[in-house]
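Q: Got a sequence here, can you model it:
(3 chains)
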Amino acid sequence: MRIKRWTAALTALVLVAAACGGDDDGGTAIDDSATDDTTTDDTTAEESPGEDLQGTLRVLIHQNPPGVEFMENFNSEFEAANPGVTINMSIVNADDIPTVNQTRLNANDIDVTTVSVTGFANPVQPYMTDADTPYWQQLIEAGLLMDLSDQPFVQNYDEAAIEDGSFNGSVYSLNLGRTIYSGMFVNLDLLAEVGVDVPTTWDELVSACDAVDAAGSKCMIAGGQDAWPVFVGSYGLLGALYPDQEGLVQDLWTGDAAWNDEQGQELFDKYATYASLLDAESAGLTGDSAAQRYTVGDVAFGPMGAWNAGPIDDGADFEWTYIPFPGSDDAADNQTLFGKYDMAFAVSAETPVADLAMAYLDAFSEPATYNAFANATNYLPTQPTSTLDNTLGQATAPLLQAGNFTVGFEQWWVGPKGAGQWANASQAALWLYNGDFTDPVQAADQSQADLESGL
Amino acid sequence: MSVLIDNQPEPDIVIERMVPPRDPRARRKRALRKGISYGILFLFAAFYVGPLLVLIFASFKSLPEFFRNPTGLPESFSLGNFTEAWQLANFPGYLMNSLIYTGVATTLFVIMSVFVAFPIARGYVRGAGALLTLYVVALFLPPALIPQFQLILNLGLYNTRQGYILLFLINPIGLIILVNYIKSIPRELDESAAIDGCGYVRFVWSILIPLIKPAIATVTVIHAIGIWNELILATVYLTNDELYPITRGLIVFEGVYGSDWPKLAAAVLMLMMPMLVLFMFLQRFIISGLTSGAVKG
Amino acid sequence: MAAKTRNLFGGGGGFARLAPWLMLIPGLGFYMLIGVGPSLATFVYSLTNATGIRGIPIGWVGFANYQEFLLEGARSRDNLAALRRTLIFMVLVTSIQFGVGLLMAVLVNQKLRGRLVFRTMFFVPVILGVAVQGLMWKLFLRPGGGPMDSIFGFLGLESQFLAGSNAFYWVIVVQIWANAGFTMIIFLAGMQTIPADLFEAAAVDGATGWKLFRNVTWPQLTPAVNTNFLLNIVGSLQAWMLFLVLTGYKNGTQVLGYVVYAEAFGQTGTASFRQGYAAAASIVLFALVLMLGMSANAFVKRRERKYMA
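A: This next block holds a predicted model:
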């Protein structure tokens, strides 16, 4: 039969294609290298006397307006100090970071990259019986990232940051800052006007919202259009109810905790209340625009990440502070800031300009430069010598000095293979907010069932 | 599958013309029908103009003004958002890229396809039937994103213009339209041309192609629109800002400046303008390409 | 099809004999290389645990990916929901877009003032592209004071639109809005080629309005109907770019095409790169499209025989 012959021919073609692929050094990606347009003889490189740095460095960062602005300035300064160097920086959405890393590392088309926007806290743990390897772990295991352990600039960072940028004892990632994803901005002027105090417990928050509503202002907004910004309040509630977040993940895997046990149900009930406190306008706001919307001044609370402090500081002409989301009924339990690492540089193992990449990271890690970076981006510094001297810094300093910062649930959670889409209940406030579920009991049961189906 | 149309040209059939006009009842009925028609058309139009108007209004507002009043008329018409958006992104570059990708890939595809479609339609090559089946089945293939990515990577064409264009050199539906249309061209033509000593390539190039212009126009339009609209492939294959087509450029712009809706609206409008102008120029070609029967010859 | 026709141009021998083949090779070659080859390779991939990351060894896993995708845990329930959603998307988009496009074509085919403006207006979204379409509608459907929200508020309704649990249906609305113009143009093309004498003959027989449409326009429109029918079915089964632009990868909105992309390129939020698994998902999608596409094709062929004989 004619079709059969064709099929055979096609199969052969595929096999040939498959056989010929694979062991190549990756594509020769576009490289608009500026290597030949600057061979300067009057070098003014004060940074690294004695060695002339040459070439183009391809850098990838994720979108974050103050971070982008700082990096652009830093790049021009670096280029000015090293006349043979061109920095080619790309900016992508945080959502696209895994995709772009996969394609560009595969194609050997990147030198300094942001591998993960959440740090390396969550490799697969021994008690996780059947889980997919997180993609950053895949990248390391594939040998695509360079071991930075011996680089002197690594020592500029604090121990926890180095450890959480390591895998199997080697440093692969430079964690450039911590950020809080469980806190809430508070409009102090508005609260004073309404006549309520800054809430320290869950009940106080709920009644403050009633008072604010009664006064004709809005209680709280978050970036509901992007979905994830709604999680900020969730993480706050989760953190207040389960202070040991790493332990919670383990308990969920081993069955010692369930989303629909008593404590889990309390969490879901509070999620439902939180969802009802969010203003309707939230659904039309992205994460960034929610912060800008908040600066208008008619909203009391902004459960948002600390990274929004910059735009809020710039835009708001009211007094504000940033507090841990008061999720617990006991004020003493509402004293911890949960968060993650944000922005972390890794280097491609096959970069043709390794020296340049190291010089770049070295220059960035200079304490003075780093301190400027942290203050521009409002990241809690990962260099021990650096401090935030802005409003966010003042608001968080007492808690941070007391050691009340913890890497949160998102960084520990790895879902079991085969678990359903509702298994990660740290996101459940969103489901209740946008109507996937209306009943918190039903939502908790469903979440636990989805989790169990993968265990 | 049928070719779009291969009938006699007869534009603008007006049903009313056939109705005897004197009867007042018929006239009333006609007026009623006209009224209903306009009613429905304006209802549709609201959905087409509405989003555009909102975009225009938003583009003139400052961000605080937008938050206070996202929908209504702007307080003043300042062009600040336009100049800022223009400086922030490389829109002329994106537009040029889209034009290059669409133009080059469509041209290459159409020329190559004619040379595939003709011998298949005529059975001048062995296995013509099987070949056609291959194309029909492929109509339903999901885009083979994953192996295709590995292929382009291994060819060294990742993140290059050539590689991106390469992805658009196929379109089964276009080929099937061409084959069907060529089948309607009488075979006697080939015979007489062959007897006159006309070579194969010359025959296809200078005799066949002019004859199948309507089908070519149709295929060109369908294929070009597909490339112009592509977003996924641009996301996967192009990482360099200088290579982005409009779709990707705009989405990246949204990712970076998306919190600033007025600026985003200004950017969208600025990108729309050249497209609309281009469309106005090409409108006749596009519409007539799709209404191929009407431009036969 | 009987394909044993002599190459009329082969008389001179040599190049002349081979010319059809030689000229066919570039087109066919690219087609095999970029289209058919990778499509078949997708099947091969679906039997492996490929990650798509260079340097990670690839192993055969048999049909494990299919088993996981279709049968394992709550995850398979979500996948089947995506499958069902893909079908709903297809049925709703195909039928509504077909109807709206036809209605538009009938309306703007009349001798009405401004019909060219209407035609252009309805067609313009097609050329604007999915990114612009998406951004316009995000703004139009903005909750908390956007235009549609105001209309909804006026009617006493409430919706979170693209952020809510019925976002899926709003994407369908946008998809139809974006492509109805294309359907309209094809119908219009069909209508304009119907010979006038057919209408005259029918009018002499006393047919008007609906009857005229039913007995003359509709059967004569068969090629356009069939083209639209197929284009819509195949197009809507594979269309998911609007989901990417309008909602992102979000519970309750995933269609199969998006699942494939998200699994293959690390867009699921938490997971790893699983291109073998994604390939299996795309083969499932293929099976679905092929089944529906082929039955649609058969249906169309029957219609053609009925009306065009």
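Q: Look up how far chain A lies from C:Leu221.
A: Using C-beta to the nearest C-beta, to the nearest Å, one obtains 34 Å as the distance from C:Leu221 to chain A. Glycine gets a C-beta too; all of them are placed from N, C-alpha and C.
Q: C:Gly55 too?
A: From C:Gly55 to chain A the distance is 4 Å (C-beta to the nearest C-beta).
Q: Touching, that residue and A:Ala142? I think so.
A: Yes - under the criterion of C-beta atoms under 8 Å, C:Gly55 makes contact with A:Ala142 at 3.6 Å.
Q: which ones are touching the closest residue to chain B within the stretch 1-150 of chain A?
A: Taking C-beta to the nearest C-beta as the measure, the point where the stretch 1-150 of chain A comes nearest chain B is A:Asn93, at 3.6 Å. Residues near A:Asn93 by C-beta atoms under 8 Å, 6 or more residues apart in numbering or on different chains: A:62-63, B:252, B:255-256.
Q: For the stretch 51-200 of chain B, give me the ranges with low pLDDT.
A: Applying pLDDT under 70 to the stretch 51-200 of chain B flags residues B:142-143.
Q: Chain A too?
A: Using pLDDT under 70, chain A drops low at A:1-51, A:119, A:121.
Q: Quick check, the residue in it closest to chain B?
A: For chain A, C-beta to the nearest C-beta, closest residue to chain B: A:Asp288, 3.1 Å.
Q: how does the chain divide into domains?
A: Picking chain A for this. According to automatic domain parsing, chain A comprises the domains A:53-177+A:342-383, A:180-340+A:403-452.
Q: looking at chain B here, not the other one
A: Per automatic domain parsing, the domain ranges recorded for chain B read B:15-78, B:90-257.
Q: Check these for me and report the most buried one.
A: Counting by mean count of other C-beta atoms under 10 Å in any protein chain shown, domain B:90-257 has the highest mean neighbour count of the domains of chain B, with a mean of 20.
Q: if we can go back for a sec, neighbour count: C:Gly55 and A:Ala142, which is higher?
A: For the pair C:Gly55 and A:Ala142, the greater number of neighbours falls to A:Ala142 (18 against 15), based on other C-beta atoms under 10 Å in any protein chain shown.
Q: so how many other residues sit close to A:Val407?
A: Here the number of neighbours of A:Val407 (other C-beta under 10 Å) works out to 20.
Q: Please tell me how far A:Trp253 sits from A:Trp422.
A: Note on A:Trp253: its distance to A:Trp422, by C-beta to C-beta, to the nearest Å, is 16 Å.
Q: more neighbours, the two?
A: The residue with more neighbours, out of A:Trp253 and A:Trp422, is A:Trp422; 24 against 21, by other C-beta under 10 Å.
Q: ok, that one - contacts?
A: Contacts of A:Trp422 by C-beta under 8 Å, 6+ apart are A:428, A:431, A:443, A:446-447, A:449-450, C:74, C:251.
Q: Helix, strand, or coil at the residue in the stretch 151-300 of chain A that chain C sits nearest to?
A: Closest residue of the stretch 151-300 of chain A to chain C, C-beta to the nearest C-beta: A:Glu281 (2.9 Å). What DSSP: H, G, I helix; E, B strand; the rest coil gives for A:Glu281 is helix.
Q: one step back: closest to B:Gly80 out of the domains of chain A?
A: Judged by C-beta to C-beta, the one of these that comes nearest to B:Gly80 is domain A:180-340+A:403-452, at 16.2 Å.
Q: The residue nearest to A:Thr273 when sequence neighbours are not counted: helix or strand, and which one exactly?
A: Distance criterion C-beta to C-beta, 6 or more residues apart in numbering or on different chains; nearest residue to A:Thr273, sequence neighbours excluded, is A:Val206 at 6.5 Å. Using DSSP states H and E, A:Val206 falls within helix A:202-214.
Q: where do the helices sit along the stretch 151-297 of chain B?
A: Ranges of helices within the stretch 151-297 of chain B are B:161-166, B:172-183, B:188-195, B:200-202, B:209-211, B:213-229, B:232-237, B:246-257, B:261-290, based on DSSP state H, counting those that start in this stretch.
Q: no no, the stretch 351-455 of chain A
A: Secondary structure of the stretch 351-455 of chain A by DSSP H, counting those that start in this stretch: the helices cover A:354-365, A:367-377, A:391-401, A:409-412, A:428-434, A:440-452.
Q: tell me the most buried of those?
A: Across the helices of the stretch 351-455 of chain A, the average number of neighbours (mean count of other C-beta under 10 Å) peaks for helix A:428-434, which reaches a mean of 26.
Q: And the contacts of that helix?
A: With C-beta under 8 Å, 6+ apart as the test, helix A:428-434 has contacts from A:224, A:227, A:230-231, A:233-234, A:237, A:259, A:267-268, A:271-272, A:274-275, A:278, A:282-283, A:422, A:436-438, A:440, A:443-444, A:447, C:160, C:163-165, C:251.
Q: which ones are touching the residue nearest the centre of chain B?
A: Per C-alpha atoms, centre = their mean, the C-alpha nearest to the average position across chain B is that of B:Ile225, at 1.9 Å. Contact analysis of B:Ile225 by C-beta under 8 Å, 6+ apart lists C:126-127, C:182.
Q: any idea which of the residues you listed is least confident?
A: Here the lowest pLDDT out of those sits on C:Ile127, with 81.
Q: was I right about that one contacting B:Gly226?
A: No - C:Ile127 is beyond contact range of B:Gly226, at 11.7 Å (criterion: C-beta under 8 Å).
Q: Can you pull the residues of the stretch 101-250 of chain A lying near chain B?
A: Within the stretch 101-250 of chain A, the positions near chain B by C-beta under 8 Å from any C-beta of the partner chain are A:103-104, A:106-107, A:109.
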